[in-house]
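Chemist: Make a model of this:
(4 chains)
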Protein chains: 2
Amino acid sequence: METHTALFHALADPARLRIVAAMKSGECAVGDLVERMDIHQSGVSRHLRILAEAGIVRMRPEGQKRLYSLRKEAFDQLETWVAGYRRHWEARLDRFGAALEHRQATSDNSTKESS
Amino acid sequence: METHTALFHALADPARLRIVAAMKSGECAVGDLVERMDIHQSGVSRHLRILAEAGIVRMRPEGQKRLYSLRKEAFDQLETWVAGYRRHWEARLDRFGAALEHRQATSDNSTKESS
DNA sequence: CATGTATATACACATATGTGTATATACATG
DNA sequence: CATGTATATACACATATGTGTATATACATG
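Modeler: Purely as a prediction, here's the structure:
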């Protein structure tokens, strides 16, 4: 029912996020992914199933291999969702003040980087 | 360590996604949110804590109430993450063919709507 | 300070979830 | 068809997580 929830849920796992990042460069066979990850092949296959069910990846069989790749639709959907919140701040100066931001500073990892 | 994972994880729950949607219109006291949700106040408070720790919401005490609101930084971060995948498709025609899309059609909820 | 309101948190519990092991399935090759 | 490779899935298990109940904390009011 909750399409976005399914999307976010699929991306909420570190292993799956790494898998998605790995596919950024293109199609990947399951074995390719297993090599880059530190979990067993069965785990990768299961993560791929979850990603597929969320509509984030597609699968294409080639011989004995199965090549997975990212689906644009999923990312479009995410972008649309985020865009819906963009209006929230458009031409609306933050009225809560910087002082409050300080209080958040401790748990604010906004500038950190990861993939 | 995985900033995005934390973000996605926080948004991966239907209740939290509803809370976020509710705050789209502006600040909300915990009690306001409880009224719109079908879970107990303690549950809402816990969800708010998770959202706060993920950097998605801020809190501002006002009298006995605590007003929660969305943090732009979190949405910027999401947008940046998605944007990183946009290049993946730019000027790169889908080389996998429409036939594969058909196979995905069953589990493809891309056109559905939710909030 | 006694009482009420608003919110957070500790606790217990049922369920969901990620993982490895073992096994099944599918394809390829000789 | 026997064997090997590639992947998916059933199973068991430990851990994470969402929930309600009860309670603590903080503020407001008289």
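Chemist: make it CA atoms for all contacts and neighbour counts henceforth
Modeler: Noted.
Chemist: Write out the residues of chain A neighbouring DNA strand C.
Modeler: Counting by CA under 7 Å from any atom of the strand, chain A comes close to DNA strand C at A:12-13, A:15, A:38-44, A:46-47, A:62-64.
Chemist: so which of those comes closest to DNA strand D?
Modeler: residue A:42 (3.5 Å; CA to the nearest atom of the strand).
Chemist: Now do the contacts for the closest one.
Modeler: Listed by CA atoms under 8 Å, 6 or more residues apart in numbering or on different chains, the contact set of residue A:42 is empty.
Chemist: Can you tell me the element it falls in?
Modeler: helix A:41-53 (DSSP states H and E).
Chemist: quick one: that helix near DNA strand D?
Modeler: Yes. Applying CA under 7 Å from any atom of the strand, one finds helix A:41-53 in contact with DNA strand D at A:41, A:42, A:43, A:44, A:45, A:46, A:48, A:49.
Chemist: Helix A:41-53 and whichever strand or helix holds residue A:21, what's the angle between them?
Modeler: Using DSSP H and E, residue A:21 maps to helix A:14-22. Using axes from the mean of the first three to the mean of the last three CA atoms, to 10 degrees, one finds that helix A:14-22 and helix A:41-53 are set 70 degrees apart in direction.
Chemist: Alpha carbons only: can I get helix A:14-22 in CSV?
Modeler: Taking C-alpha atoms only, helix A:14-22 is exported to CSV below (Å, rounded to 0.1, in the frame of the first residue of the first chain):
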residue,chain,number,x,y,z
PRO,A,14,23.6,-1.0,4.7
ALA,A,15,24.2,-4.1,2.6
ARG,A,16,21.4,-3.2,0.1
LEU,A,17,22.6,0.4,-0.1
ARG,A,18,26.1,-0.9,-1.0
ILE,A,19,24.6,-3.2,-3.6
VAL,A,20,22.7,-0.3,-5.1
ALA,A,21,25.9,1.8,-5.1
ALA,A,22,27.8,-1.0,-6.8
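Chemist: Is it positioned near DNA strand D?
Modeler: No. Applying CA under 7 Å from any atom of the strand, one finds helix A:14-22 separated from DNA strand D by no less than 11.0 Å.
Chemist: What helices and strands are in contact with that helix?
Modeler: helix A:41-53 (3 or more CA pairs under 8 Å, 6 or more residues apart in numbering or on different chains; DSSP states H and E).
Chemist: Sheet partners, orientation included, of the very next helix or strand once past the helix it packs on?
Modeler: Note on helix A:41-53: by DSSP H and E, the next helix or strand toward the C-terminus is strand A:57-62. Strand A:57-62 pairs in its sheet with strand A:65-70 (antiparallel), by DSSP bridges.
Chemist: Which pLDDT does the model give residue A:3?
Modeler: The model reports residue A:3 with a pLDDT of 81.
Chemist: on that earlier part again, buried set for the helix holding residue A:42?
Modeler: Across helix A:41-53, burial judged by 16 or more other CA atoms under 10 Å in any protein chain shown covers A:44, A:47, A:48, A:49, A:50, A:51, A:52, A:53.
Chemist: And stretch A:9-23, by the same measure?
Modeler: Using 16+ other CA under 10 Å as the test for burial, stretch A:9-23 gives A:9-20, A:22-23.
Chemist: Point out where chain A drops to low pLDDT.
Modeler: By pLDDT under 70, the low-scoring segments of chain A are A:1-2, A:91-115.
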